[in-house]
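> the amino acid sequence is not available; the structure is as follows:
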């Protein structure tokens, strides 16, 4: 019996060592991807979006506005344009992401009791820069008004505090919990990087099982494991689990230590979540392979679901904003539960009690394939490969 | 005379490669799926996920220690906004936090007990919003709603107090936002155009790799020889294949780049003909790119493993989520060698922003340059890597007819099967 186990384990490691694709897809790709995301968005916040300025008024007032606009963090006025058409052309050519428009009658209207209108044209094809521009332009007009009124009130002899309270009787305070920097990196990489790892775990699992059928070695795989499907899958997948876990923890180390992502819980909560995510994804893929014992179809299913996870698991468009029949699909995937654990534990630092079901769900995924392994075994002993 | 003859034979071999590649695609269900079905099925799927475009009625809980007319009015107005829904009132912050932890709400609005009193005394009244930050769009929705209501209430409260002052000051400035291109300001209209272009590119690369892996499989089974291979010079081979790929892409291109935006009401501001002209060098570059990348794929199912996930990087490198101007130079350089980068950028300028072909002529030119570059790379790979690899397989098979099978068994870790008796039994 021991002989069988040892042989089986050795066979598993040999496979990993003899095909470069495994090292590549299990170690290099996940680590490089993690670095890619962390490094790409390292600044965290979209700042100094290049915008243009169309000043048809050319008065002291409009020039002051331009100066104020440039002092804002959100935008940077790279160019001024003589006409609206020139500015639109520049947006279409991708030179600027939007522009601020001051009409020719601006100062005349402002000085003669009519309400002049400032417009900001924003290219919403690029979402993140667009919302920062909006913020910048909006702040500017609010400040402009405050400036005008403040002058008048001061001449009337009001004190600073009174003026402020008159202008804004209600003040709002917004607390973006645990991410006060509004960092895009902390928000996006924290979901996308594990999701990519989950995809790779599923694909590698499918690939290594499917290759047994493809190469016509599935019978020998079973024979080496003494015809025990449980032993065969364990000895094949355990080396994967080990490697992926090392890689996953390395990624978490980069995230929480090197790049300073928020980690407001006991680190063990996330370490165990990572370990469970990996076995859950293996379990999920193994289940699919057993249910649909066809290399092509099982791989297609895992690829499709794994790729769509980025969207329907609600990392960017939140689940409550999706169609009610789309949102539940996210709960089919193990990564969804990891994401919920991340949000509860690492981000919000909640009590473990609130995340209990998510941990249980991941454990269930790891156990799930045991219901279908008999079918996998049957197919491994009587294989047919459809090219 | 001699030269003319040679040229004709070169063109003939292009034609032969074209017709063989065309048949190979038709015969292969998986390649048809990548070339055609993927482009027809994937975009609608994606569009459906993101089709709600924006966050509506984000659940928020109110903790109102003020219990005043003003705080109730504020709450009512907040509930009336499209992006926030006041789901419930909590008696204190502790209860509200518990509700948030249970994901019954994603934000808490808090009014302190002196809210109304302060306003009536001519001081600031404070409102505090706490929001969950696991998804950025929730924060944006709640922030926008809160700011809108705050401004509305401020104007209303200032009302009589400042009206005369403002008139004295010479009028207050109004402002309006004009969204360009993506007038719905939705996430689907922002993200999908990028994805549509990359579905075309990725389908192309995966199909080409699939064909190549099929050929490798035949070589492994048949002593290193692919019976379906057309003997031709590397350049003719690559070009002939590319022409075949382009023919298959006529329908997918029109469907993905034009029909899908029409169906799902994404911005359609481009001219179909101009978009197709723009797509031509893009698809050509993609085909050459695919013929270079296929060198990494040796098994048909390896296509999924090696290529599918790269879409995630590509969509990021183009700046669909994080803008290009904030990327490090090395990432920009990496982006610029991907056909889809130029394709997606040009497509968005044309289809979303309404630019004409003349306005994106720099991108159009860049795509032709890129097509040429990838042609050269594909040519070199065919000449220096793939053809020597095929020859090596044939040589190995000549020395030992079982060599290629043994290689597979070795890679599977089945050393005991290398024993000739078992080898033939398998």
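In hand now; what should we look at? All of these numbers come straight from a predicted model, not from anything done at the bench.

> so, low pLDDT: which residues of the stretch 301-426 of chain B?
Along the stretch 301-426 of chain B, segments meeting pLDDT under 70 span B:418-426.

> can you list the residues of it near chain A?
Listed as neighbours of chain A in the stretch 301-426 of chain B under the rule Cβ under 8 Å from any Cβ of the partner chain: B:301-302, B:304-306, B:308-309, B:311-313, B:316, B:319, B:321-323, B:325-328, B:331, B:345, B:348-349, B:352-355, B:359-360, B:408-417, B:426. For the C-beta atoms, the positions are set from N, CA and C on the backbone; glycine is no exception.

> what about burial for those, which qualify?
Restricting these to buried positions leaves B:301-302, B:304-306, B:308-309, B:311-313, B:316, B:319, B:321-323, B:325-327, B:331, B:345, B:348-349, B:352-355, B:359-360, B:408-409, B:411-414, B:417, with burial counted as 16 or more other Cβ atoms under 10 Å in any protein chain shown.

> from these, which land in strands?
Using DSSP state E, no member of these sits in strands.

> following the longest helix belonging to chain A, which helix or strand comes up?
The longest helix of chain A (DSSP state H) is helix A:184-214. Downstream of helix A:184-214, the next assigned helix or strand under DSSP states H and E is helix A:218-224.

> which helices and strands does that next one pack with?
helix A:2-18, helix A:229-253, helix A:373-381 (3 or more Cβ pairs under 8 Å, 6 or more residues apart in numbering or on different chains; DSSP states H and E).

> go again with 6 Å.
Here helix A:218-224 touches helix A:2-18, helix A:373-381, going by 3 or more Cβ pairs under 6 Å, 6 or more residues apart in numbering or on different chains; DSSP states H and E.

> next, the angle from the shortest one to helix A:229-253.
So the one you mean is helix A:373-381. Helix A:373-381 and helix A:229-253 meet at an angle of 110 degrees, taking axes from the mean of the first three to the mean of the last three Cα atoms, to 10 degrees as the criterion.

> what does the first one give?
Using the same axes, to 10 degrees, the inter-axis angle of helix A:2-18 relative to helix A:229-253 is 50 degrees.

> in the helix or strand that helix A:2-18 is followed by, what's buried?
Using DSSP H and E, the next helix or strand after helix A:2-18 towards the C-terminus is helix A:20-23. Of the residues in helix A:20-23, A:21, A:22 count as buried by neighbour count, 16+ other Cβ under 10 Å.

> now stretch A:74-87
For stretch A:74-87, by 16+ other Cβ under 10 Å, it's A:74, A:75, A:76, A:77, A:78, A:81, A:87.

> touching chain B at all, it?
No. Judged by Cβ under 6 Å from any Cβ of the partner chain, stretch A:74-87 stays clear of chain B, getting no closer than 9.5 Å.

> in helices, which of the residues of the stretch 301-426 of chain B next to chain A appear?
Using DSSP H, those in helices are B:302, B:311, B:312, B:313, B:316, B:331, B:345, B:408, B:409, B:410, B:411.

> could you dump those into a markdown table and include distance to residue A:182?
A markdown table is the format used below for these (distance: Cβ to Cβ, whole Å):
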| residue | distance to residue A:182 |
| --- | --- |
| B:302 | 41 |
| B:311 | 27 |
| B:312 | 23 |
| B:313 | 24 |
| B:316 | 19 |
| B:331 | 22 |
| B:345 | 27 |
| B:408 | 53 |
| B:409 | 55 |
| B:410 | 53 |
| B:411 | 49 |
